[in-house]
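*Asks:* return atomic coordinates for the entry below.
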Amino acid sequence: MDRISVTRLFLYPIKSCRGIAVQTTHLHPMGFDFDRRWMLVDDANVFITQRTHPRLATISVTMHDDRLEVLAPRCAILRVPIVSFANASIAVRIWKDTLDAHPVSEEADRWFSAYLGDSVRLMRIPEGPVRRIDPKFGRPDDHVSFADAFPLLITSEESLEALNGRLTAPLPMDRFRPNIVVSGGGPFGEDGWTMLRRPNLELRLVKRCARCVTTTVDQKTGSVGKEPLATLATFRRSKDKVFFGMNAIPDSSGEISVGDMFVPDLG
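*Replies:* Have a look, this model is predicted:
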């Protein structure tokens, strides 16, 4: 098998807000540095995403040494300290998991609530492993942050090209919110990979990614349509789910950069 090249890298500091394209980042067993370390919850302390609040797509985040700067149309900049655990933790729920997280600030809560038109709170995940990966797909020491289920999502340029060839209007890769985009394996070649290896870094590919309505949200405007789910359902459907990309778990830590080359293991 030919080597696979990394073409793009993205991280998402606040779950379901707009992603950040980076050239280099640090990867460790729970994913990229600062990826999905913050999350919004409703009054029942249950997580919210673009599935119910597509306007989250219009909120962008920039990273600085000591803070996040959160921006949205016609709003003042919100500054969020990167390290701030002054507030007592409370239990929050993400899917079937309940874990303790720290409220960021009343200022952040007011900012997000006003913009979304709904009562929400911004939460910060504690440092260290606090949320186990489903043991059907992970090992006992595998953990994840506020990401849906796995530390990484890997997609490929060729798979997007194959999908866009079936669409009336092509879609950008940001609809799929990947962490790592690769090239060199052919359309949907990633479905058959079990590992991506390079010196001192290994990524375990454990499960095809079932796609939800977030892929129908325009990541620039927050508007919602029918694609790509309608078209994916015609050729990427299995047991009432449609698939695009692979969920992955890092087996080691290290820097990862655009242009890095990996060798895939086939299942």
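
*Asks:* which stretches of the stretch 1-150 of the chain have low pLDDT?
*Replies:* Where the stretch 1-150 of the chain drops to pLDDT under 70, the residues are 1, 85-86.

*Asks:* now find how far off-centre the longest helix along the chain is within its chain.
*Replies:* For the chain, the longest helix by residue count, based on DSSP state H, is helix 106-116. How far helix 106-116 lies from its chain's middle: 22 Å, per Cα atoms, centre = their mean, to the nearest Å.

*Asks:* I'd like the numbering to begin with 44 instead of 1 from here.
*Replies:* I'll keep to 44 as the first residue from here, and by that count the last item is helix 149-159.

*Asks:* which strands or helices does the helix or strand that contains residue 135 pack on?
*Replies:* Here residue 135 sits within strand 133-137, counting by DSSP states H and E. Here strand 133-137 touches strand 81-84, strand 140-146, going by 3 or more Cβ pairs under 8 Å, 6 or more residues apart in numbering; DSSP states H and E. Every C-beta, even on glycine, is put in place using the N, C-alpha and C of the backbone.

*Asks:* what's the closest of those strands to residue 72?
*Replies:* For residue 72, the closest of those is strand 140-146, at 16.8 Å, according to Cβ to Cβ.

*Asks:* and the angle for that closest one with strand 133-137?
*Replies:* 130 degrees (axes from the mean of the first three to the mean of the last three Cα atoms, to 10 degrees).

*Asks:* any buried residues in stretch 284-297, and which?
*Replies:* Buried positions in stretch 284-297, judged by neighbour count with 16 or more other Cβ atoms under 10 Å: 285-293.

*Asks:* what is the mean pLDDT for it?
*Replies:* Across stretch 284-297, pLDDT averages out at 97.
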